[in-house]
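> Provided below for reference: sequence and predicted model.
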Amino acid sequence: MSSAISSTPFSVLDRSRTREGRDGPEALRDTVRFAQQAEALGYHRFWVSEHHSVPGVAGSAPTVLAAAVAAATSTIRVGTGGVMLPNHRPLVVAEQFGVLEALFPGRIDMGLGRSVGFTDGIRRALGHGRQDAEDFAAQVTELLGYFSGDQTAHPQVHARPAEGLRVPAFLLATGAGARVAAAAGLPLVIAAVRGEDEMLRAVDGYRESFRPSAWGERPYVVLSGTVAVAPTSEEARRILLPEAWSTAYSRTHGTFPPLAPAERITGLRMTERERSLFEEAQRGQLHGTEDEVADGLEKVLSRSGADEFLVTTSTYDRTALLDSYRRLARITG
């Protein structure tokens, strides 16, 4: 095994994707079971995400789901990838993570992002419009201050039981996320698979601008990406088809559909634009046999110098998905 892979922790982000013929509650229960399986396979963290009014995604309340995951597991770190801070008041986020850390000490991660609602209607329902980087940075500062007990936004307000607790915080590199993470001295989570040159420039800029803080003494980079491992390269590619088609469909219809079986997707008659978007969605993803994926991971980890890799793979066939994560664990363990 290569030195870059063997020295890098691998973690899991599950978006609680729904599947054709199955409902949202089942998708959430699948997430909890998947966390137990990821723990048994030796993954470092298990994170859940936040989406609102998206038909193909059941995960709308990440701190609630994280509590269920933490209660069903015992050793794996549990967190969010992430809580979208523009949708919440920093005080409430601090209180929620304070409760999680109090109940599951030493196992909770606070992943934060600034993505807003999928449509204008969702943004209105959430009670906010678009935010700029300065607004987001101010929210991050206020949130962290509730844990340290040293914040100026509301000096008479104390987040119970968060104050005095230490919950590792991570920022997603959406928009100006890398710049905000560097200024706040926080770990950065950034997509690994598309636009690698752009990703490497963002990582370099983050490292160069990083200011050590009570939350991080040095830069820490978590690459996130889709990885599929199977006995053959073609089988691995098929694992990726349901998510790729869902992404292409969302770009042409404005909504994510539930994941469909790979064999049905291969028989679809797509428009020229759908085919283009479908192929684009598959570019840059890591898939193949164990040897092929190990080679691909070695290259991206060596080029980026990343500290951790967050695997974000989704597919219709849960048996194939678990087998892929099992094979990946053999590569990385």
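Looks like it came in fine.

> Now do the same contact list for Gly21.
Gly21 makes no contacts at all, as judged by CB atoms under 8 Å, 6 or more residues apart in numbering. For every residue, glycine as well, the C-beta is placed using N, CA and C.

> and it, what are its phi and psi?
With angles defined as degrees, to the nearest 10, Gly21 sits at phi 80, psi 0.

> Kindly report the same for Val311.
phi -90, psi 130.

> Can you point out the buried residues in the helix or strand where Tyr325 lies?
Secondary structure assigned from DSSP states H and E places Tyr325 in helix 318-332. Along helix 318-332, these residues count as buried under the neighbour rule (16 or more other CB atoms under 10 Å): Arg318, Ala320, Leu321, Asp323, Ser324, Tyr325, Arg327, Leu328, Ala329, Ile331, Thr332.

> now swap in stretch 293-305 and tell me
Of the residues in stretch 293-305, Val293, Ala294, Gly296, Leu297, Glu298, Val300, Leu301, Ser304 count as buried by neighbour count, 16+ other CB under 10 Å.

> Dump that stretch to PDB, restricted to CA.
Output in PDB follows, covering the C-alpha atoms of stretch 293-305 (Å, rounded to 0.1, in the frame of the first residue of the first chain):
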ATOM      1  CA  VAL A 293      -8.600   3.200  -7.400                       C
ATOM      2  CA  ALA A 294      -5.500   2.900  -5.200                       C
ATOM      3  CA  ASP A 295      -3.400   4.400  -8.000                       C
ATOM      4  CA  GLY A 296      -5.900   7.300  -8.500                       C
ATOM      5  CA  LEU A 297      -6.100   8.000  -4.800                       C
ATOM      6  CA  GLU A 298      -2.300   8.000  -4.500                       C
ATOM      7  CA  LYS A 299      -2.100  10.600  -7.200                       C
ATOM      8  CA  VAL A 300      -4.700  13.000  -5.900                       C
ATOM      9  CA  LEU A 301      -3.500  12.700  -2.300                       C
ATOM     10  CA  SER A 302       0.200  13.200  -3.300                       C
ATOM     11  CA  ARG A 303      -0.600  16.200  -5.400                       C
ATOM     12  CA  SER A 304      -2.800  17.900  -2.900                       C
ATOM     13  CA  GLY A 305      -1.000  16.900   0.300                       C
END
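
> Now do that stretch: distance to the chain's middle.
When distances are taken as CA atoms, centre = their mean, to the nearest Å, stretch 293-305 is centred 19 Å away from the chain's centroid.

> now the strands for the stretch 51-200 of the chain?
Using DSSP state E, counting those that start in this stretch, the strands found in the stretch 51-200 of the chain span residues 77-80, 83-84, 108-113, 169-172, 188-191.

> Tell me where the model's unsure across the protein.
For the chain, residues meeting the criterion pLDDT under 70 lie at 1-2, 53, 116-123, 127-133, 175, 193-195.

> same thing but at 80, please
Across the chain, the ranges flagged by pLDDT under 80 are 1-3, 52-55, 115-133, 151, 153, 174-176, 193-196, 254-256, 284.
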